[in-house]
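**Q** show me how the following folds:
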Amino acid sequence: MLDTPTRVMIYVVDDDLDVLGSLQFLLETDGFDVRTFKSGAALLDDAASGGADCFVIDYKMPNMNGIDLVKRLRKRDISAPIILITGHPDEHISEIAASAGVCHVLRKPLLDESLIGHIRGALDGRGTCH
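**A** Down below sits the predicted model:
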């Protein structure tokens, strides 16, 4: 019997549909399974929100920012690694994100290889959130 490789599920949350589509394409091209959500509320409403192996969450979104979403996921005992992405630099965001349970904070728009590397590192246990 052959071992089949386990597919990795990444949940991506971003209110910008262009960014959401680009991230989905990038991650799927690299072999990940991807589910996308255009808001934190949409993710939280999804019954399978605990099925992700890793989350990629935008920081600035209307109604619920990425840090608030991370806190809600952690309250649900979801322990999958979380990578926060942002196009809005803030000198304190890394500290705030780390205290909420985020593995890494990455700056938009230059995410390609950096994002893939951080996801793989977090999944392999090299991330700082385990």
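**Q** what pairs with the most centrally placed residue in the chain across the strands?
**A** In the chain, the C-alpha nearest the mean C-alpha coordinate belongs to residue 56, at 1.4 Å (C-alpha atoms, centre = their mean). With DSSP bridges as the criterion, residue 56 is bridged to residue 12, residue 83.
**Q** quick one: low-confidence parts of the chain?
**A** Along the chain, segments meeting pLDDT under 70 span 1-5, 47-49, 110-111, 126-130.
**Q** what ranges does the chain have for its strands?
**A** Assigned by DSSP state E, the strands in the chain fall at 9-13, 33-37, 54-58, 82-86, 104-107.
**Q** tilt between the third one and strand 82-86?
**A** Going back to what we said before, that points to strand 54-58. Using axes from the mean of the first three to the mean of the last three C-alpha atoms, to 10 degrees, one finds that strand 54-58 and strand 82-86 are set 20 degrees apart in direction.
**Q** where along this protein do the helices fall?
**A** Assigned by DSSP state H, the chain shows helices spanning 17-29, 40-45, 66-75, 93-100, 112-123.
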